[in-house]
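Novice: Curious how this folds, go ahead:
(chains A and B)
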Protein chains: 2
Amino acid sequence: MDSRVREHAETLVDWSARIESGDTVVVSVGEGAHDLAVAVAEKVGERGASYHPVYASSEMGRAYLRAHDGDFSESADLERVLYEQADSVLSLRGTRNTSASADVSEETRQAYRKSRQDSREARMDTDWVSTVHPTRALAQQAGMSYEEYRDFVYDAILRDWESLAEEMSRLKEILDDGSEVQIYKDSDETDLTMSIAGHTAVNSAASVAYDSHNLPSGEVFTAPTATAGEVRFDVPMTIRGTQLQNARLAFEDGEVVDWSADQGEETLESIIETDDGARRLGELGVGMNRGIDRVTDQILFDEKMGGTVHLALGRAYDANLPDGESGNDSAVHTDLITDMRTAGTELRVDGEVIQRDGVFRWEDDFE
Amino acid sequence: MDSRVREHAETLVDWSARIESGDTVVVSVGEGAHDLAVAVAEKVGERGASYHPVYASSEMGRAYLRAHDGDFSESADLERVLYEQADSVLSLRGTRNTSASADVSEETRQAYRKSRQDSREARMDTDWVSTVHPTRALAQQAGMSYEEYRDFVYDAILRDWESLAEEMSRLKEILDDGSEVQIYKDSDETDLTMSIAGHTAVNSAASVAYDSHNLPSGEVFTAPTATAGEVRFDVPMTIRGTQLQNARLAFEDGEVVDWSADQGEETLESIIETDDGARRLGELGVGMNRGIDRVTDQILFDEKMGGTVHLALGRAYDANLPDGESGNDSAVHTDLITDMRTAGTELRVDGEVIQRDGVFRWEDDFE
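Specialist: Numbers count the residues shown, from 1 in each chain, chains lettered A, B, ... in the order given. So this is what the prediction gives:
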């Protein structure tokens, strides 16, 4: 076994999920995640916790959903029962075919998803963590060889999370104390300001101790309002099966008033026109994971990339808002990414430069 | 997918487990049983039942047990919670390595097994069925090529169970009405009599409807007492890692008084000397599955082989005894098999020949 699989398991169990003696841990194993599952079972055993394995097979799911008549209203949800008894749920994703469920109708999918809402909520009430085991299918989706993709994934996962969390807490403090964020690019159609006054930034350090549930993670995010100006998203991505390139948005008084894209403009338009909330931003996120050094069109990795900023059209997270307050509401939450590592690019908080050309002011290379 | 995998799933879901609309089904998937699991998910979906998949990975189990300190007294047992909510539990065995847990100490195994007793009992309270998906590892254990082993397994599983159940019910009637069974071989040191008076035979037809929980099955068994005479078990088998060949037992008043074997005599002796009950028989079983045509040293198959009879030293099954009565008690239940398909061999009930040279009196070839 690649020693990095064991290190991954250790990071997941100790740093991310904080498993302790006596804990009850559900381990959900994707079809291609067997090796990681074995390493996780070892770590869970070492900690003196107990585990229960679920087989998260997309091929079983696909066969079941295609054969079923689609009425799940009377369908029992044993996962809920399981999650209600669990301290932690570790989801080890890792598919053998990213299109394994491609021939299940959207209608059936939605009906099934709806019938599983209770178990999703029960899972969210645990110390859950989602992670990904590198498979050939995921390498293929990222356009990489298997060897190269494994290096990429482990570079993102096997960080010094303690020191990254500390670095991220600096940015969190700045955002918590700040009122206005500006994203400015000298050479580009990007000069955007937004208010973050009174909002709380989340230090997403890939650990339940930081209320962060994905491994890898590595971003600080908050909820913006009153957005004004223009921004170009130069990191390409696939959304709803369509390639989106150089999406441009213009904001006035917090709302999108104009948009365009070199490719995928119709998809962009359909997102913006979903509902009122889809015209406003729900998230401003700053990627701080330097282990992620390239775009792979997998949002879990791309949005955490050190030296990038992402803005999401749509729903805001409650964690960014004062207790009891709700932020922007929408059926969508679509992240769009802009690269800050180009000359003449600045991230400013209340007029002060926090990051220039992708380098934070506390980093050695800052000029 | 081999069409036999789908037929196997259909037999399991419809004949064996009798899954119906609205049922809640736990599907436990061995590492090598993925294809069968997909086919079972399809059938469960077709029937309108809901399923919950468990990953029964021996490699995860081995890693967990080796890493754990061995004290499972405070360990949660989520399987119990799951089984208590389930109508059926389908165990799809199919390992990728029959020695996957070889380096886990017997002490740890036992401690873990003990801590899981509640979940075992909860499972027994459901309509549970155990079956086996042919893997290369199991083919290897049987000394067969993969192709050949698959043919062997599906010949045993894909029977006309309805008509086999009917045939077995004939034998059950004879045994239920009978008082004394005699196993006699002309040319051999075998002439054994035993009482079955007042006992009830079980028609083990691979269906919960017959209180039979293994697929394949195909035997009729009851509980004997007052055994007298001699018997030679000419079907070789591996017991506790030792090859046992031509075990011979002599009985007086229901107890073993003498024993020998061409190979494995010490193992035979250690079984007999386990406790008082290990000196008496707990089971007389008649194999009636004609799809099983050879010895593979896998007891689940061997003991069901048409034309064989097996006797078990040790524990008797409650199902064979009048309500509230307990049969022979012992820590062991060790099946030993004798081939009835040799010239001059007879199975007699109250002096009447029921089977000669391995052929039942209702079969065409009976002479």
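
Novice: rest of the way, CA atoms for contacts and neighbours
Specialist: Will do.

Novice: How far does the longest helix belonging to chain A sit from its chain's centre?
Specialist: When chain A is parsed with DSSP state H, its longest helix is helix A:161-177. Its chain's C-alpha centre lies 18 Å from the corresponding centre of helix A:161-177 when counted by C-alpha atoms, centre = their mean, to the nearest Å.

Novice: buried sites along it?
Specialist: Using 16 or more other C-alpha atoms under 10 Å in any protein chain shown as the test for burial, helix A:161-177 gives A:Trp161, A:Leu164, A:Ala165, A:Glu167, A:Met168, A:Ser169, A:Leu171, A:Lys172, A:Leu175, A:Asp176, A:Asp177.

Novice: again with stretch A:68-78
Specialist: Under the neighbour-count criterion of 16+ other C-alpha under 10 Å, stretch A:68-78 has A:His68, A:Gly70, A:Phe72, A:Ser75, A:Ala76, A:Asp77, A:Leu78 buried.

Novice: circling back: which secondary structure elements does the longest helix of chain A contact?
Specialist: Here helix A:161-177 touches strand A:202-204, strand A:219-222, going by 3 or more C-alpha pairs under 8 Å, 6 or more residues apart in numbering or on different chains; DSSP states H and E.

Novice: other SSEs contacting the shortest one?
Specialist: This points to strand A:202-204. By 3+ C-alpha pairs under 8 Å, 6+ apart, strand A:202-204 packs against helix A:161-177, strand A:219-222.

Novice: Show me the shaky parts of the stretch 201-350 of chain A.
Specialist: Of all residues in the stretch 201-350 of chain A, none has pLDDT under 70.

Novice: So which residues of it form strands?
Specialist: A:202-204, A:214-215, A:219-222, A:225-233, A:237-239, A:242-244, A:247-252, A:255-260, A:281-287, A:308-314, A:333-339, A:345-349 (DSSP state E, counting those that start in this stretch).

Novice: Any chance you could note which residues of chain A sit beside chain B?
Specialist: A:22, A:24, A:29, A:37-39, A:41-50, A:52-56, A:59-61, A:63-69, A:74-79, A:81-82, A:85 (C-alpha under 8 Å from any C-alpha of the partner chain).

Novice: Of those residues, which belong to strands?
Specialist: Secondary structure from DSSP state E places A:Thr24, A:Val29, A:Ser50, A:His52, A:Pro53, A:Val54, A:Tyr55, A:Ala56 of the residues of chain A next to chain B in strands.

Novice: Next, format the residues you listed as TSV and append distance to A:Leu336.
Specialist: TSV is the format used below for these (distance: C-alpha to C-alpha, whole Å):
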residue	distance to A:Leu336
A:Thr24	37
A:Val29	30
A:Ser50	40
A:His52	37
A:Pro53	35
A:Val54	33
A:Tyr55	33
A:Ala56	29
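
Novice: Check these for burial and list the buried ones.
Specialist: The neighbour count (16+ other C-alpha under 10 Å) marks A:Thr24, A:Val29, A:Ser50, A:His52, A:Pro53, A:Val54, A:Tyr55, A:Ala56 as buried among those.

Novice: The last one - nearest residue in space that isn't next to it in sequence?
Specialist: Right, A:Ala56. Leaving aside its sequence neighbours, A:Ala56 sits nearest to A:Gly30 (C-alpha to C-alpha, 6 or more residues apart in numbering or on different chains; 4.8 Å).

Novice: ok, now which ones touch that neighbour?
Specialist: The neighbours of A:Gly30, taking C-alpha atoms under 8 Å, 6 or more residues apart in numbering or on different chains as the test, are A:Tyr55, A:Ala56, A:Ser57, A:Ser58, A:Ser91, A:Leu92, A:Arg93, A:Gly94, A:Thr95.

Novice: With A:Thr274 instead?
Specialist: A:Ala331, A:Val332.

Novice: Quick check on it: phi, psi?
Specialist: phi -60, psi -50 (degrees, to the nearest 10).

Novice: State the distance from the most centrally placed residue in chain A to chain B.
Specialist: Chain A has A:Leu300 as the residue nearest its centroid, 4.3 Å off, counting by C-alpha atoms, centre = their mean. Distance, A:Leu300 to chain B, using C-alpha to the nearest C-alpha, to the nearest Å: 26 Å.

Novice: A:Lys304 too?
Specialist: Between A:Lys304 and chain B the distance is 31 Å, computed by C-alpha to the nearest C-alpha.

Novice: Can you report how many residues neighbour the closest residue to A:Glu346 other than its chain neighbours?
Specialist: The shortest distance from A:Glu346 to any non-neighbouring residue, by C-alpha to C-alpha, 6+ apart, is to A:Arg356 (4.6 Å). Counted with other C-alpha atoms under 10 Å in any protein chain shown, residues neighbouring A:Arg356 total 23.

Novice: In contact with A:Arg356: list those residues for me.
Specialist: A:Arg356 makes contacts with A:Met340, A:Arg341, A:Gly344, A:Thr345, A:Glu346, A:Leu347, A:Phe366, A:Glu367, as judged by C-alpha under 8 Å, 6+ apart.

Novice: could you dump the buried residues of helix A:161-177 to a markdown table with pLDDT and distance to B:Gly241?
Specialist: Listed next are the buried residues of helix A:161-177 as a markdown table, based on pLDDT from 0 to 100; distance: C-alpha to C-alpha, whole Å:
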| residue | pLDDT | distance to B:Gly241 |
| --- | --- | --- |
| A:Trp161 | 97 | 48 |
| A:Leu164 | 97 | 53 |
| A:Ala165 | 97 | 54 |
| A:Glu167 | 96 | 58 |
| A:Met168 | 97 | 58 |
| A:Ser169 | 97 | 59 |
| A:Leu171 | 98 | 63 |
| A:Lys172 | 97 | 62 |
| A:Leu175 | 98 | 67 |
| A:Asp176 | 97 | 67 |
| A:Asp177 | 97 | 70 |
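
Novice: Among these, which one sits closest to B:Ala197?
Specialist: Top of the list for closeness to B:Ala197, among these and by C-alpha to C-alpha, is A:Trp161 at 72.7 Å.

Novice: follow-up on the earlier one: do you know how far the residue nearest to the centre of chain A is from B:Val89?
Specialist: 36 Å (C-alpha to C-alpha, to the nearest Å).

Novice: Same question for A:Ser204.
Specialist: 40 Å.

Novice: Of the two, which one has the most company?
Specialist: The neighbour comparison of A:Ser204 against B:Val89 (other C-alpha under 10 Å) goes to A:Ser204, with 29 against 25.

Novice: wait, that one sits on A:Ser217?
Specialist: Yes: applying C-alpha atoms under 8 Å, one finds A:Ser204 in contact with A:Ser217, separated by 6.3 Å.

Novice: on that earlier part again, same list (the helices and strands packed on strand A:202-204) but as a markdown table, adding distance to B:Val132.
Specialist: Below are the helices and strands packed on strand A:202-204 laid out as a markdown table (distance: least, C-alpha to C-alpha, whole Å):
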| stretch | distance to B:Val132 |
| --- | --- |
| helix A:161-177 | 44 |
| strand A:219-222 | 47 |
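
Novice: tally of neighbours for the residue lying closest to A:Glu269 once chain neighbours are set aside?
Specialist: Distances taken as C-alpha to C-alpha, 6+ apart put A:Trp259 closest to A:Glu269, at 7.7 Å, once the chain neighbours are dropped. Using other C-alpha under 10 Å, A:Trp259 has 17 neighbouring residues.
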